[in-house]
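**Student:** give me a 3D structure for the following:
(one chain, ligands or ions: 2)
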Amino acid sequence: MASRPRITALIVAAGSGSRAGGDLPKQFRLVRGQPMLRHSYAALANHRQIGSVFVAIGAGQEENARAALAGLAPANCEAGSDTRRESVANGLEAIAEKGDTDFVLIHDAARPFLSQHIIDDLIDALLGSPGAVPALPVVDSLARGNIVLSETVERENLWRIQTPQAFHFDVILQAHREWKGVEPTDDARMFMASGREVAIVAGDEALGKFTFAADFSGPEMTPTIRSGSGFDVHRLVPGEELWLCGVQIVHDKGLSGHSDADVAMHALTDAILGAMALGDIGDHFPPSDPQWRGASSGRFLTHAMMLAREAGYELSNADVTIVCEAPKIGPHKAAMRERLSEIMAIDAHRISVKATTTEMLGFTGRQEGIAAQAIATFEKSR
Ligand code: CTP
Ligand code: MG
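**Tutor:** Residues are numbered from 1 along each chain as shown. Ligands and ions are numbered 1, 2, ... in the order given. Here you go, the predicted model:
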């Protein structure tokens, strides 16, 4: 072996994706805006120690593969075959023909989210072992059964094995050439059958394989951060109570509206609904519905927060700006943050309440109404 090992990657992308369904084989469908194959191809091709990347492509899929990889470092596309093992074998033979590699990393195109540190760890592991795979411990209870469960399976020392699977090239090539067993689900199995041990490096939940249709709407497909903005105005009139951010303020006028007209809370509720793309406050609490007459706006806010949590998001922070000439908001800001944090069931440090005037200009300047705007940012929590 040369002092620095020569490393080649092989991506198998010749399957039909029958369990995932869809118009295209899954490896060419869009995932986070790009064909699935492009993600792992870019991760492997961009790694500084990987010299070349081979891709096994199914018959008739060459055009899809070319489109998926357009603009990236040119791929060595090889014909795949009817089974995954044969697709790998074809790829390995093509690499052998070139004859210039010490290590090979064999990867499923169906695992798009491959991070550089997994590649680093696998290459490091190959310096001390002829094979290495990323694997995750089993955390759920395991059992065997058909229609009902009848037997427990101890999960100790059991692993969920992912790809890329990394091997000393000559050894895995030979294992493939000599394989006579049933179709294996991965290459590590063949390697172990040939009497070799395979080292484990820490796997990555993000590296999960897209297998079923539901995987295309799974958590990996949704953004982890979402933001929304809200804006509202209510008229100031004599004889009404003034509620802002759930705090009642003594003032010579109050806000008119169907509910308690808490303009700031309405803007915040709309920001939350906006972040979740769930319409606006009027969709959820129509002003025409008598049950919301005089209602506390806290109910709207609680409902919006519940919808966000149901969607798997937790509020990262929210920022509310109240626009009015009078009353002075400053003395109430701390109480407002406190009240919002109670209603939303979050820490007060995640909420900001600010105020400004419009220099006596416009309807807020003339004290005909109060305006409020808000922004809310959420992070995926599960
Ligand atoms: N694969 C391949 N050649 C095959 C079968 C599978 O190159 N004849 C590749 C797939 O493209 C995928 C990886 O092996 O990247 C893992 O296989 P799997 O998830 O089973 O994909 P498919 O075989 O395409 O899906 P299905 O089994 O649902 O038809
Ligand atoms: Mg398959």
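
**Student:** just after the longest helix out of those in the chain, pick out the following helix or strand.
**Tutor:** Secondary structure of the chain per DSSP state H: the longest helix is helix 84-98. Moving toward the C-terminus from helix 84-98, the first helix or strand encountered (DSSP states H and E) is strand 103-108.

**Student:** low-confidence regions, the protein specifically.
**Tutor:** Residues of the chain meeting the criterion pLDDT under 70: 1-2, 219-220.

**Student:** follow-up on the earlier one: kindly export the longest helix of the chain (C-alpha atoms) in CSV.
**Tutor:** Presented in CSV, the C-alpha positions along helix 84-98 are these (Å, rounded to 0.1, in the frame of the first residue of the first chain):
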residue,chain,number,x,y,z
ARG,A,84,-27.9,-4.9,-4.8
ARG,A,85,-25.1,-7.4,-4.4
GLU,A,86,-24.7,-7.7,-8.2
SER,A,87,-24.7,-4.0,-8.6
VAL,A,88,-21.9,-3.7,-6.0
ALA,A,89,-20.0,-6.6,-7.7
ASN,A,90,-20.2,-4.8,-11.1
GLY,A,91,-19.0,-1.6,-9.5
LEU,A,92,-16.1,-3.3,-7.8
GLU,A,93,-15.0,-5.0,-11.0
ALA,A,94,-15.0,-1.7,-12.8
ILE,A,95,-12.8,-0.2,-10.0
ALA,A,96,-10.6,-3.3,-10.2
GLU,A,97,-10.1,-2.7,-13.9
LYS,A,98,-8.7,0.7,-13.2
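
**Student:** what angle separates it from strand 103-108?
**Tutor:** 150 degrees (axes from the mean of the first three to the mean of the last three C-alpha atoms, to 10 degrees).

**Student:** begin at 53, not 1, for the rest of this chat.
**Tutor:** Right, with 53 as the first residue, what we last looked at is helix 136-150.

**Student:** can you give me the buried ones in helix 136-150?
**Tutor:** Neighbour-count burial for helix 136-150 flags 136, 137, 138, 139, 140, 141, 142, 143, 144, 146, 147, 148 (criterion: 16 or more other C-beta atoms under 10 Å). (Glycine included, C-beta is placed from N, CA and C.)

**Student:** wait, is residue 372 part of a helix?
**Tutor:** No: judged by DSSP: H, G, I helix; E, B strand; the rest coil, residue 372 forms no part of a helix; its state is strand.

**Student:** at the contact with ligand 1, which residues of the stretch 153-302 of the chain appear?
**Tutor:** Within reach of ligand 1 by C-beta under 6 Å from any ligand atom, the stretch 153-302 of the chain has these residues: 160, 161, 162, 261, 263.

**Student:** got a markdown table for the residues you listed, with neighbour count too?
**Tutor:** Output for those, formatted as a markdown table (neighbours: other C-beta atoms under 10 Å):
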| residue | neighbour count |
| --- | --- |
| 160 | 24 |
| 161 | 30 |
| 162 | 24 |
| 261 | 14 |
| 263 | 13 |
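
**Student:** kind regards, and thank you for your time.
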